[in-house]
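K.L.:
Sequence and predicted structure are below.
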Amino acid sequence: MSIENLKVNDPFADDVGDTQPKNYVHIRIQQRNGRKTLTTVQGLSKDFSPKALLKAFKKEYACNGTVIIDPDMGEVIQLQGDHRTKVMDFLTDKDKSKMGKYALQKDHIKIHGF
Amino acid sequence: MAETEELVILPSAPKKAVTFDDEENVDATNTQEAAADEGDGLLDLKKKKKKSSAAVGSDGLLDLKKKKKKKVEAKAEDESTEDKKADGDAPSEEVAATSSEVQFDADELANGTGVWNSAATSDLTYPLLLSRFFTLLKSQHPDLTGDGRRNYKIPPPQVMREGNKKSIFANISDICKRMKRSDEHVTAFLFAELGTSGSVDGAKRLVIRGKFQQKQLENVLRRYILEYVTCRTCKSPDTDLKKGENRLFFVTCNSCGSRRSVAAIKTGFQATVGKRRRQKV
């Protein structure tokens, strides 16, 4: 049982969504024919070289991929297959072989799709 | 586990039309059963309780519990077991464990007769009174028992396959009505999230291009609710989405009155899929 008044409650504990970091990295998925999918990573900051990242992704997930230069969205990394969670892990990994000190915060990344 | 989750979309099988329907089930199942499915309940605290209640029950009762449990379990999983039982029945169980004269019937408790009579001389322990309080509260003001995070329930999305490449989301208008959002908004969100397109057919069902399962749409819907339906301040799902000044969308909470802006739905990058020749023409 819990009595509301007696709870130690930080009213600002979950107040995170409103100060939004504007430059999210969006990780999306798109269905292709059959059970094939594409993963796209959009909104990476200019500090990263998409080419180098792509190379790492391709090696890590054993998939093909490409960097697409979109007139609106800038450079978008596109990978074959559903690698959303793995890309997320990669981008937030502080390991030296991955992102090292350039690792992103988890709340700067948004995963879309089902 | 589900403790932190306040949005519960019912899994497919039982097609109940429920919002905030905690009480029904508690009433239907008697306390014994409640104790039984509390056993699956998640907190350490509850586990202790389970032991004590098991000690109280005779062998026959235990058997009964086990049998019932199986039935109940299916139900219990639907309605995220935890909160109600934690609130309502835990105290009464405690009572059962502590005092020897158990089994106050509900009538006595509700009417203030028997042990509860103001003229009665027997001692009323704190847990006893507390259990009475919660029982009464639950029967008369069910809204208040949910300690802030209520269970918000919407029917599960019904997804059918049309042909090989399309999915039909049948009950979208029902769901939208329950969330008090416009169909278009939800549809736009779905399409943006799933990176696909589609249309609405004659019976107001949504036809989505691509193969999608119910679980997947459920996930997306859950995200929609988090983002566009629940109030950030009080977690209430009773909110309105309105277009405010300068083209921003605002969510206004009907229960606490707070207001926040929400991001417009953006589709983002869409890779070209399929035959390029077809797209050029």
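P.N.:
Arrived safely, thanks for sending.
K.L.:
ok, B:Gly112 touching B:Ala120?
P.N.:
No. Judged on CB atoms under 8 Å, B:Gly112 makes no contact with B:Ala120 at a distance of 9.7 Å. In this view, the C-beta of every residue, glycine as well, is placed from N, C-alpha and C.
K.L.:
Tell me where the chain is predicted with low confidence.
P.N.:
Let's take chain A. Low-confidence segments of chain A, defined by pLDDT under 70, span residues A:1-22.
K.L.:
wrong chain, I was asking about chain B
P.N.:
Along chain B, the parts satisfying pLDDT under 70 run over B:1-107, B:114, B:142-152, B:274-281.
K.L.:
Repeat the analysis, applying 80 as the threshold.
P.N.:
In the predicted model of chain B, residues B:1-124, B:138-153, B:244-247, B:270-281 satisfy pLDDT under 80.
K.L.:
mind listing the helices for it?
P.N.:
Under the criterion DSSP state H, chain B contains helices at B:22-28, B:31-38, B:44-56, B:59-78, B:82-98, B:106-111, B:126-140, B:172-179, B:183-194, B:214-224, B:276-280.
K.L.:
ok, now chain A?
P.N.:
According to DSSP H, chain A carries its helices in the segments A:50-61, A:84-92.
K.L.:
Chain B: which of those helices is closest?
P.N.:
Closest to chain B of these is helix A:84-92 (CB to the nearest CB; 11.6 Å).
K.L.:
Now do that closest one: everything it contacts.
P.N.:
Contacts of helix A:84-92 with the rest of the structure, by CB atoms under 8 Å, 6 or more residues apart in numbering or on different chains, involve A:25, A:27-29, A:39, A:41, A:56-57, A:60-61, A:79, A:98-99, A:103-106, A:109, A:111, A:113.
K.L.:
Please repeat the previous calculation with a cut-off of 7 Å.
P.N.:
Residues lying outside helix A:84-92 but in contact with it, judged by CB atoms under 7 Å, 6 or more residues apart in numbering or on different chains, are A:25, A:27, A:29, A:39, A:41, A:57, A:60-61, A:98-99, A:103-104, A:106, A:109, A:111, A:113.
K.L.:
Report the buried residues of it.
P.N.:
The neighbour-count check on helix A:84-92 (16 or more other CB atoms under 10 Å in any protein chain shown) flags A:Arg84, A:Lys86, A:Val87, A:Met88, A:Phe90, A:Leu91, A:Thr92 as buried.
K.L.:
how far does that helix sit from the chain's center?
P.N.:
Offset of helix A:84-92 from its chain centre (CA atoms, centre = their mean, to the nearest Å): 6 Å.
K.L.:
And stretch A:46-66, by the same measure?
P.N.:
For stretch A:46-66, the distance to the chain centre is 13 Å (CA atoms, centre = their mean).
K.L.:
burial count for A:Ala62?
P.N.:
Neighbourhood size, A:Ala62 [other CB atoms under 10 Å in any protein chain shown]: 8.
K.L.:
what does B:Glu108 give?
P.N.:
Close neighbours of B:Glu108, defined as other CB under 10 Å, add up to 15.
K.L.:
nearest residue to the residue in the stretch 51-200 of chain B that chain A sits nearest to other than its sequence neighbours?
P.N.:
Each residue of the stretch 51-200 of chain B has a distance to chain A, by CB to the nearest CB, and the smallest belongs to B:Gly195, at 4.1 Å. Leaving aside its sequence neighbours, B:Gly195 sits nearest to A:Gln30 (CB to CB, 6 or more residues apart in numbering or on different chains; 4.1 Å).
K.L.:
Now B:Asn254: closest residue in space, sequence neighbours ignored.
P.N.:
With CB to CB, 6+ apart as the criterion, B:Asn254 has its nearest non-adjacent residue at 4.4 Å, and that residue is B:Asp238.
K.L.:
any idea how far chain A is from that neighbour?
P.N.:
Taking CB to the nearest CB, to the nearest Å as the measure, B:Asp238 falls 18 Å from chain A.
K.L.:
wait, doesn't that residue sit right on B:Gly257?
P.N.:
No. In this structure, B:Asp238 sits apart from B:Gly257 without contact. The criterion is CB atoms under 7 Å, and the distance is 11.0 Å.
K.L.:
So which of these two has more stuff around it?
P.N.:
B:Asp238 (15 against 10).
K.L.:
measure that one to B:Thr252 for me?
P.N.:
Separation of B:Asp238 from B:Thr252 (CB to CB, to the nearest Å) stands at 10 Å.
K.L.:
joint contacts of these two?
P.N.:
By CB under 7 Å, 6+ apart, no residue touches both B:Asp238 and B:Thr252.
K.L.:
Excluding residues flanking it in the chain, which one is nearest the closest residue to chain B within chain A?
P.N.:
Of chain A, the residue with the smallest distance to chain B, taken as CB to the nearest CB, is A:Phe114 at 3.2 Å. Closest residue to A:Phe114 apart from its sequence neighbours, by CB to CB, 6+ apart: B:Gln216 at 3.2 Å.
K.L.:
and what of B:Gly244?
P.N.:
B:Phe250 (4.2 Å).
K.L.:
Could you list which residues are in contact with the one you found?
P.N.:
With contacts defined as CB under 7 Å, 6+ apart, B:Phe250 is in contact with B:Lys242, B:Gly244, B:Arg259, B:Arg260, B:Ser261.
K.L.:
how does it look with 10 Å?
P.N.:
The neighbours of B:Phe250, taking CB atoms under 10 Å, 6 or more residues apart in numbering or on different chains as the test, are B:Thr239, B:Asp240, B:Leu241, B:Lys242, B:Lys243, B:Gly244, B:Arg259, B:Arg260, B:Ser261, B:Val262.
K.L.:
again with B:Arg181
P.N.:
For B:Arg181, counting by CB under 10 Å, 6+ apart, the contacting residues are B:Ile175, B:Phe189, B:Tyr224, B:Ile225, B:Tyr228, B:Val229, B:Thr239, B:Asp240, B:Leu241.
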